[in-house]
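S.K.: Structural data only, the sequence is not supplied:
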């Protein structure tokens, strides 16, 4: 089964809870949380807690080296099996960028089409990562990275989430890096399906890389073969980057 994104809307003070439906089983690959400080009395730690259906605490993910100063907001991603490294501590530059569109583009039948995004936002430590939409119609990205890179390369993890109208029809979403500086020469990353509801939300991930500080252009394509045009309900493009130097 293809990966799917689960969105839990916030709006109130922490903690924010998500209850897995009783007949469902999920495998967590990533949790991303956007924290907005609402008058904390001191520095605080972002954390995720997993609780069993019997209300027993199964584990808590928190890193004592990632304290947030009181009054500051934070964008934090949690990955299973990743922990704070020991030994010599490097200097890290963490960046997060995104682009989005909602109910704004109809995809013609049987036509590969680049998603037209409406706007972008970036939140980076030291302004190290900036997602830039190129000139209209806003279908191509450049990702500017001002932080040191590993081995002379710049690498970011890109995620594309596309929500389609429900139904059983062939469709796919993909991330294409059309730049000439990708040292890995990767093919497009694509998720394809035709079953509802499993394919109503498609999630694509891939590593984007370049030998210089500017990645791009990158394009997000979609395709559908339902017999008529389909309006994309939502599309979100996320970029996460952690680069460092010892």
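M.R.: Good, I have the coordinates. Given the structure is predicted, the values throughout are model-derived calculations rather than measurements. Residues are numbered from 1 along each chain as shown.
S.K.: I'd like the distance between the residue nearest to residue 169 when sequence neighbours are not counted and residue 168.
M.R.: Leaving out its chain neighbours, the residue that sits closest to residue 169 by CB to CB, 6 or more residues apart in numbering is residue 226, at 3.7 Å. C-beta: built from backbone N, CA, C; applies to glycine. From residue 226 across to residue 168, the span is 9 Å (CB to CB, to the nearest Å).
S.K.: So the two - more neighbours on which side?
M.R.: residue 226 (17 against 13; other CB atoms under 10 Å).
S.K.: and the gap between the more buried one and residue 16?
M.R.: Distance from residue 226 to residue 16, by CB to CB: 35 Å.
S.K.: Looks like residue 61 contacts residue 76 (just checking).
M.R.: No. Contact criterion CB atoms under 8 Å: residue 61 and residue 76 do not qualify, at 9.8 Å.
S.K.: more crowded one of those two?
M.R.: Using other CB under 10 Å as the criterion, residue 61 and residue 76 rank with residue 76 on top: 20 against 17.
S.K.: wait, is that one part of a strand?
M.R.: Yes. Residue 76 sits within a strand when classified using DSSP: H, G, I helix; E, B strand; the rest coil.
S.K.: Once you drop chain neighbours, what's closest to it?
M.R.: Nearest non-adjacent residue to residue 76 (CB to CB, 6+ apart): residue 46, at 4.2 Å.
S.K.: How many residues are close by the one you found?
M.R.: Residue 46 - counted by other CB under 10 Å - has 18 other residues nearby.
S.K.: Pull up the per-residue confidence for it.
M.R.: Per-residue pLDDT puts residue 46 at 82.
S.K.: Assign it to helix, strand or coil.
M.R.: coil.
S.K.: doesn't residue 72 make contact with it?
M.R.: No. Taking CB under 8 Å as the contact criterion, residue 46 and residue 72 are not neighbours in contact, 11.1 Å apart.
S.K.: Mind telling me what element residue 190 is part of?
M.R.: Using DSSP states H and E, residue 190 sits within strand 189-193.
S.K.: Can you give me the buried ones in that strand?
M.R.: 189-191, 193 (16 or more other CB atoms under 10 Å).
S.K.: just to revisit the earlier point, show me the contacts for the residue nearest to residue 76.
M.R.: 33, 35, 62, 66, 68, 74, 76 (CB atoms under 8 Å, 6 or more residues apart in numbering).
S.K.: Repeat the analysis, applying 10 Å as the threshold.
M.R.: Residue 46 makes contact with 14, 33, 35, 61-63, 66-68, 74-78 under the criterion CB atoms under 10 Å, 6 or more residues apart in numbering.
S.K.: can you put these in a markdown table and add pLDDT?
M.R.: Below are the contacts of residue 46 laid out as a markdown table (pLDDT from 0 to 100):
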| residue | pLDDT |
| --- | --- |
| 14 | 75 |
| 33 | 80 |
| 35 | 78 |
| 61 | 76 |
| 62 | 73 |
| 63 | 72 |
| 66 | 74 |
| 67 | 77 |
| 68 | 81 |
| 74 | 78 |
| 75 | 76 |
| 76 | 77 |
| 77 | 75 |
| 78 | 72 |
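S.K.: Just the buried subset of those, please.
M.R.: 33, 35, 61, 68, 74-78.
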